[in-house]
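In: everything below, folded, please.
(2 chains)
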Amino acid sequence: MSTANPGVNAPKCDVRVFRRDNQDLLVLDGSLVLQNSEKVRTQIHDLLDGARPNVDIFLGQLGFIDSSGLGVLVGFHVTARKNKVELRLLAPTAPHMHLFEATRLNSIFKIMNSAESAPILAELAVPEFEVK
Amino acid sequence: MTAPIPPSILHQLEYCSLRAALAALGPIPPRWRMTVARGLAAALAAMPWRRAVLEENLRAALGDLDPARRRQIIRGVFRNTISLALELAWMNRIEPAAIVPTVDVDETSRERIETCRKAGRGVILACGHLGNWEWLAAWYAQAIGPMGVIYKPMHNGRTDDFITKLRGRFGLTAFSTRELNQRALVNSIKNGAVIGILSDQDARKNGRFVPFFGRPASTATGLATLAIRFGAPILPSFCLRTAGGRMRAVVGEPLWPNPDADRADEELRLLRGYHEALERAILIDPAQYFWWHRRWKTQPKHKTDDSAARA
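Out: Residues are numbered from 1 along each chain as shown, chains lettered A, B, ... in the order given. The predicted model follows:
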């Protein structure tokens, strides 16, 4: 499942940001595809400026990722590394993992499964920490 | 068909209390539900009843949380459980079609539902005790198409009849796990119906161990057995509360059974896939999960039991 569904018009990808102390949690909800990848890139890029040393991205609510979406994630990795930010991908689905494995991106991303991600999400994904 | 159990006085009382509660709570408008639930939860959350189970389950699943956050989730569990009761009371009053516009579904979820239905092999809708599972089934039957649910009958026959009738109002066909002749269920699947199953309760000695938040949990295999037997995809589906008395359907990636795989391995793969989808959905809002149940009550005797070693 590496391509966007052609039957869906203008897929959305909502980005929610939760911030607590030195940690940011980004929740991507929708599909990360060509039509919205630039918007998501712009929304998130500034968060990786190094002001917070830890940034986690929750993929559990993300459906399709196409090659353009994959490019966005790789871009985040590059920016994060440049700014000494530890970037982790949380709770990817099985199709996401197949995609990461097929492209060998699983060796560059720090990936945590849903069980490992649970404490992070439970602490951070709370309305009071959401950045509006 | 098993013989009906004559209702005891306790069961009669339980049934009458249920009907009285539904009559009293049903008129509460959807936009007030959360406010009422919050008020009642504040009073009930101070009670020690099953508190230890909640604490233990949350620790097992989410780790050692900040105490304030843990208290917040526990209050949320009370609030959501009360909301569930208020929602059932409301469902008992409304016209079935009124449930359709209350659920938001994103395009990806809708497309997953359609892909599975179009395969024409039936669909196993794998739900969980998250948000409002009855709402999901009722919405599905009204908005999408024919739907049945597999359920374990309650000990109280009158209450069980009432719940079955409530489901029937929304066009749901109920298939009891105690029914010996499952021809109706088989025919439904063969005709392409969607069958809902809740598979996230401790299955004691009869289950297979599947990792749930990293710990082995005994799980009934019915979900995977049906999928493998009929080649039907498993569609992990959940219904989460959102603001203003609305719901959001969260539909995970379909799990397609592989007919060539070893049956035992395939069962385990499908059950693991379902639990991973459930975990991801729980993480959206942990307070909406039914943490009252001792999911990890049965533990493997030996570390090599099923997937326990791999958990």
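In: from now on I want contacts and neighbour counts done on CA atoms only, so please keep to that.
Out: Fine.
In: what residues sit buried inside the longest helix seen in chain B?
Out: Across chain B, the longest stretch assigned as helix under DSSP state H is helix B:67-91. Within helix B:67-91, the residues scored as buried using 16 or more other Cα atoms under 10 Å in any protein chain shown are B:70, B:73-91.
In: closest residue of the stretch 101-250 of chain B to chain A?
Out: Among residues of the stretch 101-250 of chain B, the one nearest chain A by Cα to the nearest Cα turns out to be B:Phe213. It sits 4.3 Å away.
In: go ahead and flag the most central residue of chain A.
Out: In chain A, the centroid-proximal residue (Cα atoms, centre = their mean) is A:Ile57; its distance is 3.8 Å.
In: my read is that residue is in a helix, agree?
Out: No - A:Ile57 is assigned strand when assessed by DSSP: H, G, I helix; E, B strand; the rest coil, not a helix.
In: kindly state the beta-bridge partners for it.
Out: Legend: beta-bridge partners of A:Ile57 under DSSP bridges are A:Leu26, A:Leu89.
In: any idea how far it is from A:Asp14?
Out: A:Ile57 sits 13 Å away from A:Asp14 when distances are taken as Cα to Cα, to the nearest Å.
In: got any residues that touch both of these two?
Out: Applying Cα atoms under 8 Å, 6 or more residues apart in numbering or on different chains, one finds that A:Ile57 and A:Asp14 are jointly contacted by A:27-28.
In: please enumerate the strands of the stretch 151-300 of chain B.
Out: For the stretch 151-300 of chain B, the strands defined by DSSP state E, counting those that start in this stretch occupy B:172-176, B:194-198, B:208-212, B:215-219, B:234-241, B:247-251.
In: now mean neighbour count and mean pLDDT too, for those strands, in CSV please.
Out: Listed next are the strands of the stretch 151-300 of chain B as CSV, based on neighbours: other Cα atoms under 10 Å in any protein chain shown; pLDDT from 0 to 100:
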stretch, mean neighbour count, mean pLDDT
strand B:172-176, 20, 94
strand B:194-198, 25, 96
strand B:208-212, 26, 97
strand B:215-219, 26, 97
strand B:234-241, 26, 97
strand B:247-251, 22, 96
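In: mind putting those strands into CSV with distance to A:Ile108?
Out: Below are those laid out as CSV (distance: least, Cα to Cα, whole Å):
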stretch, distance to A:Ile108
strand B:172-176, 48
strand B:194-198, 37
strand B:208-212, 26
strand B:215-219, 27
strand B:234-241, 30
strand B:247-251, 29
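In: looking at those strands, which is closest to B:Asp64?
Out: Among these, the nearest to B:Asp64 by Cα to Cα is strand B:215-219 (15.1 Å).
In: can that closest one be found next to chain A?
Out: No - if you take Cα under 8 Å from any Cα of the partner chain as the test, strand B:215-219 misses chain A, and the best it gets is 9.0 Å.
In: touching, B:Arg208 and B:Thr221? I think so.
Out: Yes - here B:Arg208 reaches B:Thr221: they are 6.8 Å apart, a contact under Cα atoms under 8 Å.
In: so which bits of chain B are right by chain A?
Out: Residues of chain B lying near chain A by Cα under 8 Å from any Cα: B:61-66, B:69, B:106-108, B:212-214, B:253, B:273, B:276-277, B:279-281, B:283-284, B:286.
In: would you map the strands across chain A?
Out: Using DSSP state E, the strands of chain A run over A:13-20, A:23-32, A:54-58, A:62-65, A:86-90, A:110-112, A:130-131.
In: looking at those, which is closest to A:Glu123?
Out: Nearest to A:Glu123 among these is strand A:13-20; the distance by Cα to Cα comes to 9.2 Å.
In: quick check: mean pLDDT across the helix or strand hosting B:Val53?
Out: Remark: B:Val53 resides in helix B:51-62, with elements defined by DSSP states H and E. Computed over helix B:51-62, the mean pLDDT rounds to 94.
In: now the angle from that helix to strand B:208-212?
Out: 80 degrees (axes from the mean of the first three to the mean of the last three Cα atoms, to 10 degrees).
In: for helix B:51-62, buried residues please.
Out: Within helix B:51-62, the residues scored as buried using 16+ other Cα under 10 Å are B:54-55, B:57-58, B:61-62.
In: give me the distance between A:Gly75 and chain B.
Out: For A:Gly75, the distance to chain B equals 25 Å [Cα to the nearest Cα, to the nearest Å].
In: where does the chain dip in pLDDT?
Out: I'll assume chain A. Within chain A, the stretches with pLDDT under 70 are A:1-9.
In: can you look at chain B instead?
Out: Within chain B, the segments meeting pLDDT under 70 span B:1-6, B:180, B:303-311.
In: what about the helices in it?
Out: B:9-25, B:30-44, B:51-62, B:67-91, B:107-118, B:133-143, B:157-169, B:183-190, B:222-230, B:263-284.
In: tell me the angle the longest one makes with helix B:51-62.
Out: Here the directions of helix B:67-91 and helix B:51-62 differ by 110 degrees (the same axes, to 10 degrees).
In: now do helix B:67-91: which elements does it pack against?
Out: For helix B:67-91, the elements it packs on are helix B:9-25, helix B:30-44, helix B:51-62, judged by 3 or more Cα pairs under 8 Å, 6 or more residues apart in numbering or on different chains; DSSP states H and E.
In: quick one, the helix holding B:Val53 and helix B:263-284 angle?
Out: 110 degrees.
In: look up how far B:Phe78 lies from the nearest residue to B:His11 once chain neighbours are set aside.
Out: Of all residues not flanking B:His11 in the chain, B:Asn156 sits nearest, at 5.6 Å (Cα to Cα, 6 or more residues apart in numbering or on different chains). Here B:Asn156 is placed at a distance of 24 Å from B:Phe78 (Cα to Cα).
In: next one: A:Leu32
Out: Spatial separation of A:Leu32 from B:Phe78 under the definition Cα to Cα is 35 Å.
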